[in-house]
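# The sequence and its predicted three-dimensional model are supplied below.
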Amino acid sequence: MTPPLRLGVLLSGGGRTLENLLAEIDAGRLKGLAEVAVVIASRPQIRGIEIAEQAGIAVHLIRPKAFDTVDAYSEAMVCVLDDARADLVCLAGFLSYWIIPERF
C-alpha cells in the first residue's frame, strides 16, 4: 500500500482550507491518501494556527519581515517542509511571496 501524501499547509488567516482538508481526512474521503504533516503560518494570532494546534499538527510561524531577502525567507520555509518530509504543499490562502521549489 502506498503511504499517504504528507501535506505542508501554508496559511495566512482563518484556516478554512486547513479545516476542510482535516474534515475530509476525518470523514474518510482522504484517509490513507493524505495527511497534514506541518502547517506554516505567515502571521501570528490567526485562527488557522488554532485549528492546527487543536488537531495536534506542528505549526511554524515564519514571518517574511524577519528575513532580509525573499531567498532567505524561501529557504527557511523549505527547511521546515523538508524536516516534516512534506510531499506536497497546499497554499491555503497563503499571502506571502515564496519561491516554490519545483519538487513541490
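Received the coordinates, thanks.
# Next SSE downstream of the longest helix along the chain?
When the chain is parsed with DSSP state H, its longest helix is helix 70-83. Going down the chain from helix 70-83, the next helix or strand is strand 88-92, by DSSP states H and E.
# quick one: contacts of that following strand?
Outside strand 88-92, the residues within contact range by CB atoms under 8 Å, 6 or more residues apart in numbering are 5-11, 15-18, 21, 34, 48, 81, 100, 104. Just so you know, the C-beta spots here come from the backbone N, C-alpha and C atoms, and that holds for glycine as well.
# ok, that strand: who's next to it in the sheet?
strand 5-11 (parallel) (DSSP bridges).
# For the strand it pairs with, what is the distance to the chain centroid?
Relative to its parent chain, strand 5-11 has a centroid offset of 4 Å by CA atoms, centre = their mean, to the nearest Å.
# same check, this time on stretch 1-20
Centroid separation between stretch 1-20 and its chain, computed with CA atoms, centre = their mean, is 6 Å.
# Buried residues in it, which are they?
4, 6-13, 15, 17-19 (16 or more other CB atoms under 10 Å).
# now the nearest residue to L7 once chain neighbours are set aside: how far from E75?
Once flanking residues are discounted, L7 sits nearest to V36: 5.0 Å by CB to CB, 6 or more residues apart in numbering. Noted for V36: a distance of 22 Å to E75, by CB to CB, to the nearest Å.
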